[in-house]
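K.L.:
any chance you can model this:
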Amino acid sequence: MVDRLLVTGGASGIGRAIVEHGIAQGWDVIVIDRQRSQQGRSVIADLADVDSTAVALADALAEGPITRLVNNVGAVFPAGLQEQTLTQLDQSHALNLRAAVQCAQAVVGGMTEAGFGRIVNMTSRAALGKELRTAYAAAKAGLIGLTRVWALELGPARITVNAIGPGPIATELFLNANPADSPYTQAIVSSVPVGRLGEPEDVAHAAAFFLDERSGFVTGQTLYVCGGLSVGSIPV
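P.N.:
Prediction:
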């Protein structure tokens, strides 16, 4: 059986670091992203759109089953409660949550037949609470719930499902939502117990553990890769 890894949103940032790990492991890596990936097999799609996602998944599965999935794609839609539009809420749900469900549904049959599977859902430390994150935190908290449900449902098929909650990581996504010159961003960095922003490779290292064949007794868990921010003081 060929080891195939699918990474959504894998053309840049955290996703790209995970793709690099998969390639180093000798896996057949497929990337679904609206940007062309420079590594692995690139499938262009708008994961916020159901039909575009379905076409991309059919393409990704054309060469055989996928036994490892990282639901990494995401977008923040920062706004306070009164400014957050319902359209943004729907867009966040579609990209951050619905796409993960659709991708998992597409690959789980092949995993079940193989008697092996690894699913990693990329949530966020923001799911624990952060200002200006109504749409994003709701979707990412939903991913944590799905992780626990799927772990129970898929465990008998030897499919593990775990989540990673990054933050703050120096990616384009983070820096767009948190400008480097913003006092609020500077307060976040100064409050991180380890004294720095994380790097995409920090998250990829955690994902590598969950994706490993030897990690079959770990499922339904959420690991916060956040420099200790989830247990430290969070700026208000």
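
K.L.:
longest strand anywhere in the protein?
P.N.:
strand 159-166 (DSSP state E).

K.L.:
helices or strands up against that strand?
P.N.:
The elements that strand 159-166 packs onto, with contact taken as 3 or more CB pairs under 8 Å, 6 or more residues apart in numbering; DSSP states H and E, are helix 99-114, strand 117-122, helix 134-154, helix 200-211, strand 222-225. Placement of C-beta: from N, CA and C, glycine included.

K.L.:
next, the angle strand 117-122 makes with that strand.
P.N.:
Strand 159-166 and strand 117-122 are oriented at 20 degrees to each other (axes from the mean of the first three to the mean of the last three CA atoms, to 10 degrees).

K.L.:
where does the prediction get shaky in the protein?
P.N.:
233-236 (pLDDT under 70).

K.L.:
kindly recompute the last result at 80.
P.N.:
1, 173-174, 176-178, 232-236 (pLDDT under 80).

K.L.:
following the host helix or strand of Asp59, which helix or strand comes up?
P.N.:
Using DSSP states H and E, Asp59 falls within helix 50-60. Next along the chain after helix 50-60, taking DSSP H and E as the criterion, comes strand 68-71.

K.L.:
pretty sure Ala131 contacts Gly80?
P.N.:
Heads up, residue 131 is Glu, not Ala. Yes - counting by CB atoms under 8 Å, Glu131 does reach Gly80; the two are 7.4 Å apart.

K.L.:
which one of these two has more residues nearby?
P.N.:
Neighbour totals were compared for Glu131 and Gly80, and Glu131 leads with 14 against 10 (other CB atoms under 10 Å).

K.L.:
surely the more buried one forms part of a helix?
P.N.:
No - under the criterion used here (DSSP: H, G, I helix; E, B strand; the rest coil), Glu131 is coil, not part of a helix.

K.L.:
tell me the phi and psi of it?
P.N.:
Here is the backbone geometry of Glu131 (degrees, to the nearest 10): phi -60, psi 150.
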